[in-house]
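Q: build me a structure from this.
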Amino acid sequence: MFFKFSILLLYFIIIAYCVQGEPEDENETLKDSFDNCRRWLGKSQSMTIKINGFLLYLGKNITDLNIIRNYFKNNPATREKQASIDLSVYGELFKHICKTRDVSVKTWALYMKVKAAIRTLEEAILLDWGDYD
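A: Numbers count the residues shown, from 1 in each chain. Next comes the predicted model:
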C-alpha cells in the first residue's frame, strides 16, 4: 500500500512539473497514452484495443461511459470502430472526454497513467461501475 502511495505521490510531482514545463505536442501525448493503455491491457504495441478495454483503462467510470456513448450516438460513422480502436479513434475519444470534462489532454493523460500504475487490469475488472474521479 505504501508503495502505491509513493508512486501516486511521485506522479503528482511529475504532473506539477510537466504542467509548468514546455508544452508537449498533443499528438505525442495521445500516442504515449495509447501505448500506455495497450501495455496496461497486455496488448502488443501493434494491436488495436476494444471499447471495453478502453473503459477499463478509464476505470469503469460511468461519466466516461456516458461521454463515449454520446460521442458514438452523435457520430454514427464511428460506431463500427468500437471493436478496433486505433490511435486515431483513441485520440478522438480521449480528446472528447477531455473537452467534456474541461481538462487538458496532457493533464488527463498523466492522470490516467497514474491510475494505470496503481491499479491492475484484474483490479479494474473487479470494480463496480461508478464515478471514481
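Q: so what's Q82 up against?
A: If you count contacts by CB atoms under 8 Å, 6 or more residues apart in numbering, Q82 has them with 50-51, 72. In short, each C-beta sits where N, CA and C put it, glycine included.
Q: how about a cut-off of 6 Å?
A: I51 (CB atoms under 6 Å, 6 or more residues apart in numbering).
Q: ok, now T63?
A: With contacts defined as CB under 6 Å, 6+ apart, the neighbours of T63 are D131.
Q: before we move on, what about the one 4 residues further on?
A: Neighbour list for I67: 97, 100 [criterion: CB under 6 Å, 6+ apart].
Q: quick one: it from I49, how far?
A: For I67, the distance to I49 under the criterion CB to CB, to the nearest Å works out to 17 Å.
Q: give me phi/psi at I49?
A: Backbone geometry at I49, expressed as degrees, to the nearest 10, gives phi -120, psi 170.
Q: need the pLDDT of the residue nearest to it when sequence neighbours are not counted.
A: Once flanking residues are discounted, I49 sits nearest to I85: 4.9 Å by CB to CB, 6 or more residues apart in numbering. With respect to pLDDT, I85 scores 94.
Q: how many residues are close by I85?
A: Taking other CB atoms under 10 Å as the criterion, the count of residues near I85 is 22.
Q: ok, now which ones touch it?
A: 48-49, 54.
Q: burial of T29, as a residue count?
A: Other residues near T29 number 21, with proximity taken as other CB under 10 Å.
Q: out of the contacts of I85, who's nearest K81?
A: T48 (9.0 Å; CB to CB).
Q: now do that closest one against S88, distance only.
A: For T48, the distance to S88 under the criterion CB to CB works out to 10 Å.
Q: neighbour count for these two, which is higher?
A: Set T48 next to S88 and count neighbours by other CB under 10 Å: T48 wins out with 16 against 12.
Q: need the phi and psi values for the more buried one.
A: When quoted as degrees, to the nearest 10, the phi and psi of T48 stand at phi -90, psi 170.
Q: and the pLDDT for it?
A: The confidence metric pLDDT takes the value 96 at T48.
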